[in-house]
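Peer 1: here you go, sequence then predicted model.
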Amino acid sequence: MPRRLIIKVVKVTYTPCAPWMVRVPRDLRAQEGSERKFFEKKAVASAYAEWLAGELGEYHARMFGLTSRQKVEAAECYRLLGKDGGSLLEAVHHYLGHLAHKRSYPLRPPGSSTNS
C-alpha cells in the first residue's frame, strides 16, 4: 500500500518575517516553482497546505488518466468490495472469466454425429 503523504505546516526561525513554512511535494515543485513556501500567518500556510494536498491528489488522478466518473465508480466498487475483503482487480478478473464462459458456441442439430 502506498504511503500517504501528509503536507505539514512547520514553524521556522530563520525567516522572521515569514515564520511558517510548507514543503512542496516533489511532484508539484515544477508547478509551484519552489521546494518550500513561506508565510507570515499560520492560517494562510494551513490553507495552502490543504490546497496542495488537493492538487497532489488531482495530479495523481491525472497521471492515471481517470475521468471524474471513473473515480466515483471506482470508489463505489471499493466500498462494495470492502464488505467482503475483495479487491477491484480480483473482481475484474472474475468478471472477465465469467464473460469467457458466457460466450455462445454453435450448436449441432439433434442427431448429427460428432465423427462426420
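Peer 2: It's in. Just so it is clear, the model here is predicted, and its values are computed rather than measured.

Peer 1: for Leu89, helix, strand, or coil?
Peer 2: helix (DSSP: H, G, I helix; E, B strand; the rest coil).

Peer 1: helix or strand for the closest residue to Thr15 other than its chain neighbours, which one?
Peer 2: Spatially, and ignoring its direct neighbours in sequence, Thr15 is nearest to Phe38 (5.3 Å; Cβ to Cβ, 6 or more residues apart in numbering). All C-beta spots, glycine's among them, are computed from the backbone N, C-alpha and C. Using DSSP states H and E, Phe38 falls within strand 36-39.

Peer 1: pLDDT (mean, whole number) over that strand?
Peer 2: For strand 36-39, the mean pLDDT works out to 93.

Peer 1: need the next SSE after the host helix or strand of Ala53, C-terminal direction.
Peer 2: Per DSSP H and E: Ala53 is located in helix 42-64. As assigned by DSSP H and E, the chain's next helix or strand after helix 42-64 is helix 68-82.

Peer 1: only alpha carbons, please: show that following helix as PDB.
Peer 2: Only the C-alpha atoms of helix 68-82 are listed here, as PDB (Å, rounded to 0.1, in the frame of the first residue of the first chain):
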ATOM      1  CA  SER A  68     -14.300  12.100 -12.600                       C
ATOM      2  CA  ARG A  69     -17.000   9.500 -13.400                       C
ATOM      3  CA  GLN A  70     -14.400   6.600 -13.300                       C
ATOM      4  CA  LYS A  71     -13.000   7.800 -10.000                       C
ATOM      5  CA  VAL A  72     -16.500   7.900  -8.500                       C
ATOM      6  CA  GLU A  73     -17.300   4.500  -9.900                       C
ATOM      7  CA  ALA A  74     -14.000   3.000  -8.600                       C
ATOM      8  CA  ALA A  75     -14.800   4.400  -5.100                       C
ATOM      9  CA  GLU A  76     -18.200   2.800  -5.200                       C
ATOM     10  CA  CYS A  77     -16.600  -0.500  -6.300                       C
ATOM     11  CA  TYR A  78     -14.100  -0.400  -3.400                       C
ATOM     12  CA  ARG A  79     -16.900   0.400  -1.000                       C
ATOM     13  CA  LEU A  80     -18.900  -2.600  -2.100                       C
ATOM     14  CA  LEU A  81     -15.900  -4.900  -2.200                       C
ATOM     15  CA  GLY A  82     -14.700  -3.700   1.200                       C
END
